[in-house]
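> Any chance you could fold what I've pasted below:
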Amino acid sequence: MAFITAKNLKHRFAKRDEEGQVIGEVTALDGIDLEVQVGQFIAVLGRNGSGKSTFAKHLNVLLTPTEGTLVVDGRNVGDVQETWKIRQSAGMIFQNPDNQIVAGVVEEDVAFGPENLGIPTEEICERVTESLDAVGMSEYRHHSPNKLSGGQKQRVAVASVVAMHPQCIIMDESTAMLDPSGRREVLKTAHRLNREDGVTIILITHYMEEAADADFVFVLERGRVAMQGTPREIFSRVDELKSHGMDVPQMTRLAYELREDGYPLPKGILNRSELADALAECLRRGDVPGRSTGQGDTAQISGAMLAANEQKATEFPEIDERKGFEDKERMFREVPEDESDGLRKIAERQEARKEKLRLEDVSYSYGGSGQKKTPVLKNINLTVYEEDFIGIIGHTGSGKSTMIQLFNGLLKADEGRVYYEGQDIGAPDFSLRALRGKVGLVFQYPEYQLFEETVLKDVAFGPKNQGMSEEEALFAAREALGQVKLPEECWEMSPFELSGGQKRRAAIAGVIAMNPSVLVLDEPTAGLDPGGRDELFGLIRELHENLHITVLLVSHSMEDVAEYVNRIVVMNHGEILMEGQPSEIFTRIPELEKASLAAPQVMYLLTELARRGYSVSSSVTTLEEAKREIERLC
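From the prediction side, this is the model:
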């Protein structure tokens, strides 16, 4: 039975000039035809501007079709008399949680939906408790949402919809701001509701690993359905997906590249367990590139390999899940017991470099006079050197976003000092205005720093504030917009007419246009499609390598951090838990997982191979390194 049926669904937005006059139309949906069955778990993929969020808003009747029909739970969304019923059956979680949090206390916000549905008070209390438990936010039920981090707000937004017990939940990039543990919890909740209660799930995501666990996948391109099929069918078509600006799960990509090099691996591998099985089978048979696969040779190789594996098994014992972290630690014997050795090496390399930023015994708490203070940062000591590319990781609410706002004086430390190039930024004669031109900050939610009538004017605002002429500022703005690859047709649009990913590009362009010496990015790729993510990181890498800009990157993507940064700072409950190179930090999987983080997927793959008795390196963090390690193993 179909829960959603779209036939020739079209939607067009009015395009307006600076005076608000309609000067044309923009087609967002251009003939969507699809069907979703009751109880399916659907993933919707597509590049920024492909129409994903516009389609989602139709499912909740926030928008109605310009042409065509859309039927949700047997009701036509074009019939205004059905709006309330449709919204009862289809709950939506937005990209930005601030767009749907309405109450001053967390538990009141979660209760708001059920109250409007007329649910009895006793049952509302049960639903609030159940929903907050499901997303790991029970301890914050009496807090104000305004005092929560972006990721914590997102969990509250998820709980608010879950508490309404809708027949369908639409998740529009609702895990984009969550740490790895939070993302797993929210997806686990969604899958449980789907599996146990038959709730239909529509998951719009740019995380390919999330889409891999769906029942069915739709790929949108320019407002149309470009691809559809099961995850295995879709992710087997790697080149076609790339042509639509998409990617595949990291394990699928690694398997694909190994296949291209001649390894006899099956198509459409979706996870590390499948890849580990396939690689182990190749190694067992001796069926690898450059090696004879005759029966005699295979038997000889397999026999030798099995004998070797028996010997190696004593070095890499099988994981007993009940023992937990200790067994994982034994697999990575190369991790130094004394972490100070890694920090000492970093200090030696940094001696010759100029100091850019320094936090010295910094503490910070939220809450003004007369209010109970909530400690966010505790005794932070951190030095950033010129040309550093630092990744800052930590669980939701660990203090990452608060810490980076201290760097350019947006927040003032309660205790301790903040220095820029050796100068105390809290000194009376220090110019914070000049500092903010040197230390550029891109916020977690880009719409918080967009405010002008057009995108071009918004990007030019910073350069004009620095003293540039109108002509110079516009030139700098055009250059920056070109660098972030925001299409020219968007330049004269209002920033608020852009998609979430386009807003992020515009916000980054506004900072780049001011030519900063330090670029601080808070979740810069959240909401960006894989193609846009790669383009943006390519740009950031160019700025770092060619213009020698110091970069601080806050991210929940361990794969991105492993790929781009040369140093990692791990935050945990307002303190720096550890600091070092990616190869040093990511080998400490047990400690990372205790802090609600994770290692890159390739490290878990090698953990699995080690568990099966193969001698592999413990310091592999990127896909290319994993590929070379597998080739060495073979």
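> The residue lying closest to S160 once chain neighbours are set aside: which element?
Once flanking residues are discounted, S160 sits nearest to V110: 5.0 Å by C-beta to C-beta, 6 or more residues apart in numbering. Quick note: C-beta positions are derived from backbone N, CA and C, even for glycine. Taking DSSP states H and E as the definition, one finds V110 inside helix 106-116.
> and that helix, what other elements does it pack with?
The contact analysis (3 or more C-beta pairs under 8 Å, 6 or more residues apart in numbering; DSSP states H and E) places helix 106-116 against helix 121-134, helix 150-162.
> tell me which residues in it are buried?
Using 16 or more other C-beta atoms under 10 Å as the test for burial, helix 106-116 gives V106, E107, D109, V110, A111, F112, G113, P114.
> Which one of these is nearest to I234?
Distances from I234 to the buried residues of helix 106-116, taken as C-beta to C-beta, are shortest for G113 (33.2 Å).
> low pLDDT regions in the stretch 201-350 of the chain?
The stretch 201-350 of the chain contains residues with pLDDT under 70 at 290-350.
> ok, which stretches of it are strands?
216-221, 224-229 (DSSP state E, counting those that start in this stretch).
> The last one pairs with which strands, and in what direction?
In the sheet containing strand 224-229, its partner strands are strand 216-221 (antiparallel), by DSSP bridges.
> what does the partner strand rub up against?
The contact list for strand 216-221 (C-beta atoms under 8 Å, 6 or more residues apart in numbering) reads 32, 34, 36, 40-47, 50-52, 55, 211, 225-231, 234, 241, 244, 246.
> Any of the residues you listed buried? List them.
Judged by 16+ other C-beta under 10 Å, buried ones among these: 32, 34, 36, 40-47, 50-52, 55, 211, 225-228, 231, 234, 241, 244, 246.
> Of all the helices and strands in this protein, which has the lowest average confidence?
The weakest-scoring helix or strand in the chain, judged by mean pLDDT, DSSP states H and E, is helix 295-312 (a mean of 38).
> ok, F112 touching A103?
Yes - the criterion here is C-beta atoms under 8 Å, and F112 meets it with A103 at 5.7 Å.
> The helix holding V110 vs helix 150-162, what angle?
20 degrees (axes from the mean of the first three to the mean of the last three C-alpha atoms, to 10 degrees).
> and helix 106-116, what's its mean pLDDT?
For helix 106-116, mean pLDDT rounds to 93.
> What of stretch 601-615?
Averaged over stretch 601-615, pLDDT sits at 91.
> Alpha carbons of that stretch, as CSV, please.
Extracted in CSV, the C-alpha atoms of stretch 601-615 (Å, rounded to 0.1, in the frame of the first residue of the first chain):
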residue,chain,number,x,y,z
GLN,A,601,35.8,3.8,8.7
VAL,A,602,39.1,2.4,7.2
MET,A,603,40.5,1.9,10.7
TYR,A,604,37.6,-0.3,11.7
LEU,A,605,38.1,-2.3,8.5
LEU,A,606,41.8,-2.9,9.4
THR,A,607,40.7,-3.7,13.0
GLU,A,608,38.4,-6.4,11.5
LEU,A,609,41.3,-7.8,9.3
ALA,A,610,43.5,-7.8,12.4
ARG,A,611,40.8,-9.7,14.3
ARG,A,612,40.9,-12.3,11.5
GLY,A,613,44.6,-12.8,11.9
TYR,A,614,46.2,-10.5,9.3
SER,A,615,49.1,-8.3,10.2
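> please renumber so the chain begins at 18
In the new numbering, first residue 18, that becomes stretch 618-632.
> Would you indicate which residues of that stretch are buried?
Buried residues in stretch 618-632, counting neighbours by 16+ other C-beta under 10 Å, are found at 618-631.
> Now the two most distant members of those residues.
Those two in these that are separated most widely, counting by C-beta to C-beta, are Q618 and G630, at 20.9 Å.
> quick one: Q117 and A174 touch, right?
Yes - the pair Q117 / A174 is scored as a contact, 5.4 Å apart, by C-beta under 8 Å.
> who has more neighbours, those two?
A174 (26 against 17; other C-beta atoms under 10 Å).
> residues touching that one, list them.
I110, F111, P114, Q117, I118, S191.
> which ones among the residues you listed are found in strands?
Those of the contacts of A174 mapping onto strands are I110, per DSSP state E.
> from the contacts of A174, which single one is nearest F30?
Once C-beta to C-beta is applied, the member of these that ends up nearest F30 is F111, at 18.1 Å.
> What about the closest one, how many residues nearby?
Neighbours of F111 using other C-beta under 10 Å come to 23.
> how near is it to E514?
According to C-beta to C-beta, to the nearest Å, F111 and E514 sit 17 Å apart.
> go on, I602?
I602 is 41 Å from E514, by C-beta to C-beta.
> Looking at the two, which has the bigger crowd around it?
Taking other C-beta under 10 Å, I602 and E514 do not tie; I602 has more neighbours (29 against 16).
> who touches the more buried one in this structure?
I585, V587, M595, E596, L609.
> which residues touch the nearest residue to V265 once chain neighbours are set aside?
Residue nearest to V265 in three dimensions, not counting chain neighbours: F252, with 4.8 Å by C-beta to C-beta, 6+ apart. Taking C-beta under 8 Å, 6+ apart, we find F252 in contact with M225, A229, L258, V265, P266, T269, G285, L287.
> do G95 as well
Contact partners of G95, counting by C-beta under 8 Å, 6+ apart, are T81, P82, T86, L87.
> doesn't it fall inside a helix?
No - read with DSSP: H, G, I helix; E, B strand; the rest coil, G95 is coil and lies in no helix.
> Let me know whether Q57 touches L220 as I believe.
No - taking contacts as C-beta under 8 Å, Q57 lies outside contact range of L220: 10.7 Å.
> Closest one to C185 out of the contacts of A174, please.
Closest approach to C185 among those (C-beta to C-beta): I110, at 11.5 Å.
> C185 is in contact with that closest one, correct?
No - I110 lies out of contact with C185 (C-beta under 8 Å); the separation is 11.5 Å.
> Closest to P392 out of the buried residues of helix 123-133?
Nearest member of the buried residues of helix 123-133 to P392, counting by C-beta to C-beta, is V123, at 18.8 Å.
> Tell me how far the closest one lies from P137.
Relative to P137, V123 is positioned 21 Å away (C-beta to C-beta).
> Which single one of the contacts of F252 is nearest to Y465?
For the contacts of F252, the minimum distance to Y465 (C-beta to C-beta) is 27.9 Å, reached by M225.
> Pull the contacting residues for the closest one.
Going by C-beta under 8 Å, 6+ apart, M225 touches L62, F252, M263, D264, V265, P266, Q267, T269, P547.
> switch the cut-off to 10 Å
60, 62, 234, 248, 251-252, 258, 263-270, 287, 547 (C-beta atoms under 10 Å, 6 or more residues apart in numbering).
> Ok, F460 next?
Neighbouring residues of F460 by C-beta under 10 Å, 6+ apart: 167, 418, 421-422, 427, 466-467, 521, 524, 528, 537-541.
> Quick one: end-to-end distance for stretch 409-424.
13 Å (C-alpha to C-alpha, to the nearest Å).
> I am finished for the moment; much appreciated.
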